[in-house]
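K.L.:
Would you be able to build a 3D model of this:
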Amino acid sequence: MKLIQQNKWISLILLAVAFSLIYNPLTKFPFTFCVIIVFILITAYLQNGSLKELNFKKLNFHDVKIILISYLTLELGVDFFVQPLINWLCNEPADYSTFEHIKGDAFQYFKWLFSMWISAAIGEELLFRAFAFAQLKNVFGEKKGFIVLISSLMFCLPHLYQGVAGLIMTFIFGIVFALLYMKYQNIWVNIIIHGLIDSVFLTLSYFGYIEFYQFMW
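P.N.:
All right, here's what the predicted structure looks like:
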């Protein structure tokens, strides 16, 4: 049974509420995204009577191949071409100093790895892809270009602390993740690819190679 009427204004309000929860003063990382995940699940169920709109679909062997190919293509393309290019264009690398404390600290590494999978992989993909796409579709209909653009802008804004280069990089990732979600319509594909990319980032941070992401052409 649908308890929340679907119209563009309600969808905009729900999306704005979900996004604003990122900045709520009552919770901190990673618990902030736990709250957001719960909000999204409840809201989606009240809107549709199920979680179908969030596209939690079973993965098959073909999906696993898609995940691996997409992940490797994105990881290699971004690390060795896009990131150095953006750093060069901005004349400064992205600011990843927030993660320097992980270096050599196994406890912090596994703590952040666990938190990342909850907040970034699951939380961000549910918010900025599954939930945002569902709500923005109610607003823009089949204007997929607007949906990809707006969801990507929303995705990059919370990463302002990474500086201009980091903001641009996150926007590019947002575009790619949005296109992946639009093509495959399976949130698990996005979650796993996002989680793998961030896992490599945290692993390099742990071993003291965070400057790998600060290389300029």
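K.L.:
pLDDT below threshold where in this protein?
P.N.:
Within the chain, the segments meeting pLDDT under 70 span 1-3, 5, 217.
K.L.:
Show me the helices in it, by range?
P.N.:
In order along the chain, the chain carries the following helices (DSSP state H): 8-20, 31-48, 61-77, 83-90, 106-116, 125, 132-140, 144-156, 163-184, 187-206.
K.L.:
And these: which comes nearest Gln214?
P.N.:
With distances scored as Cβ to Cβ, the stretch of these nearest to Gln214 is helix 83-90 (6.5 Å). All C-beta spots, glycine's among them, are computed from the backbone N, C-alpha and C.
K.L.:
List the contacts of the residue most central in space within the chain.
P.N.:
Of all residues in the chain, the one closest to the mean position by Cα atoms, centre = their mean is Glu124, 3.9 Å from it. By Cβ atoms under 8 Å, 6 or more residues apart in numbering, Glu124 lies in contact with 33, 155, 194.
K.L.:
Most neighbours among those, please name it.
P.N.:
Greatest neighbour count in the contacts of Glu124, by other Cβ atoms under 10 Å, goes to His194: 25 neighbours.
K.L.:
Excluding covalently adjacent residues, which one is nearest to it?
P.N.:
Among residues not flanking His194 along the chain, Ala121 sits closest, at 4.7 Å (Cβ to Cβ, 6 or more residues apart in numbering).
K.L.:
how many other residues sit next to the one you found?
P.N.:
21.
K.L.:
ok, now how distant is it from Ser11?
P.N.:
In this view, Ala121 and Ser11 are 25 Å apart by Cβ to Cβ, to the nearest Å.
K.L.:
Also Glu142?
P.N.:
Distance from Glu142 to Ser11, by Cβ to Cβ: 15 Å.
K.L.:
Of those two, give the one with the bigger neighbour count.
P.N.:
With neighbours defined as other Cβ under 10 Å, Glu142 and Ser11 compare such that Ser11 has more, 22 against 8.
K.L.:
doesn't Gln135 make contact with that one?
P.N.:
Yes. In terms of Cβ atoms under 8 Å, Ser11 counts as a neighbour of Gln135; the distance is 4.0 Å.
K.L.:
Which residues lie in contact with the residue lying closest to Leu136 once chain neighbours are set aside in this structure?
P.N.:
Nearest residue to Leu136, sequence neighbours excluded (Cβ to Cβ, 6+ apart): Ile147, at 4.5 Å. Counting by Cβ under 8 Å, 6+ apart, Ile147 makes contact with 132-133, 136-137, 140, 178, 182.
K.L.:
Would you mind listing which of these are buried?
P.N.:
Among the contacts of Ile147, the ones that count as buried by 16 or more other Cβ atoms under 10 Å are 132-133, 136-137, 178.
K.L.:
would you turn those into JSON lines with distance to Ile172?
P.N.:
Formatted as JSON lines, the buried ones among the contacts of Ile147 follow (distance: Cβ to Cβ, whole Å):
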{"residue": "Ala132", "distance to Ile172": "17"}
{"residue": "Phe133", "distance to Ile172": "18"}
{"residue": "Leu136", "distance to Ile172": "19"}
{"residue": "Lys137", "distance to Ile172": "23"}
{"residue": "Ala178", "distance to Ile172": "11"}
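K.L.:
Next, give me the two most distant ones among these.
P.N.:
Farthest pair in those (Cβ to Cβ) is Lys137 and Ala178. Separation: 12.5 Å.
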